[in-house]
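Student: fold the stuff below for me.
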Amino acid sequence: MALQSIGKKTQSEFLGIAKTVFFALLIAGGIRSFLFEPFHIPSGSMIPTLLIGDYLFVAKYSYGYSHYSFPFSPDFFDGRIFAGEPKRGDVAVFRKPTDVSVDYIKRVIGLPGDRIQMKHGVLFINGAGVVRKRIADYVDQWGSAYPQYIETLPNGVSHLIIQEQGDTGPLADTPEFLVQPDHYFMMGDNRDDSMDSRTTEVGEVPAENLIGPAELLFFSLDQSASWWEIWKWPSAIRFGRLLSFVG
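Tutor: Residues are numbered from 1 along each chain as shown. Predicted coordinates for the structure are as follows:
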């Protein structure tokens, strides 16, 4: 029987583990860069569509790839490759134009060449008011109620919005914006509590800054627990939101 010294055996096992870890990290990095990337929702700007504590997957391939698609955003090319066009109504992650180290998530409202304006809380696209239908108030986990609507965009995409301050909020009336070529106008579904393209803090989003559309909500915790407080999960998990599509 052939014998192997303990030192050689230990070295061989270490190299085997190292190779396994290396290839696992390589595969995980490839999936994150080219297919799906997980994101966590830390703010309420997309309520009621997305809630604080939601965890979702973003499809990286849908809009093609820019240097922002990859870890550490290596600046080795400009523009997008294999580019796909965002659709009006998509819920999309992008790099904030005024601070590209920050990821934002909003809804695509305006396409290149569109004219976008808010008038007394109503969204206008190319001079036409977008249809909105009042429904039951949105009630948060603390019992506060806010006016809620179904808004239907010109391409037929319907989604929920809330307006915490009715039709008189600070962003309920805006000048008309003309969306530049290769740019997109993004807005939060929580219309009175969203820093978005209506503000100079964000502005229109260059196509290069897009990461991808949010597709699958895979986990959700209410604000009674942090992700690491596993012992609180049984009462904090929003089971009704698990494995649901974002729209």
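Student: tell me which element P234 is part of?
Tutor: Element membership for P234 (DSSP states H and E) is helix 233-236.
Student: tell me the strands beside whichever helix or strand comes after that helix, with direction?
Tutor: Reading on from helix 233-236 to the C-terminus, the next helix or strand found by DSSP H and E is strand 244-245. Next to strand 244-245 in the sheet, as set by DSSP bridges, lie strand 210-220 (antiparallel).
Student: next, count neighbours for the nearest residue in space to K96 that is not next to it in sequence.
Tutor: Nearest residue to K96 in three dimensions, chain neighbours excluded: V102, at 4.3 Å (C-beta to C-beta, 6 or more residues apart in numbering). Placement of C-beta: from N, CA and C, glycine included. Number of residues near V102 (other C-beta atoms under 10 Å) recorded here: 11.
Student: ok, which stretches of this protein are helices?
Tutor: For the chain, the helices defined by DSSP state H occupy 6-34, 233-236.
Student: just give me the lowest mean pLDDT stretch among those.
Tutor: Mean pLDDT values for these show the minimum at helix 6-34, a mean of 52.
Student: which strand residues bridge R107?
Tutor: If you apply DSSP bridges, the partners that R107 bridges to are V91, M187.
Student: ditto for I135
Tutor: Q148.
Student: do you know how far it is from I161?
Tutor: Computed as C-beta to C-beta, to the nearest Å, the I135 to I161 distance reads 10 Å.
Student: ok so, going back, the residue nearest to K96 is in contact with F94, isn't it?
Tutor: No: V102 is not in contact with F94 according to C-beta atoms under 8 Å; the separation is 9.8 Å.
Student: would you confirm that G44 contacts R191?
Tutor: No: counting by C-beta under 8 Å, G44 stays clear of R191, with 11.7 Å between them.
Student: before we move on, the earlier item: intersection of neighbour lists for I135 and I161?
Tutor: The contact sets of I135 and I161 overlap at Q148, Y149 (C-beta atoms under 8 Å, 6 or more residues apart in numbering).
Student: the more surrounded of the two?
Tutor: I161 (26 against 11).
Student: show me the contacts for the closest residue to F82 other than its chain neighbours.
Tutor: Nearest residue to F82 in three dimensions, chain neighbours excluded: G64, at 4.1 Å (C-beta to C-beta, 6+ apart). With C-beta under 8 Å, 6+ apart as the criterion, the residues that contact G64 are R80, I81, F82, A83, G84.
Student: so which of those is the most crowded?
Tutor: Within the contacts of G64, R80 tops the neighbour count with 20 neighbours, counted by other C-beta under 10 Å.
Student: so that residue sits right up against S62, yeah?
Tutor: No: using C-beta under 8 Å, R80 makes no contact with S62, being 11.4 Å away.
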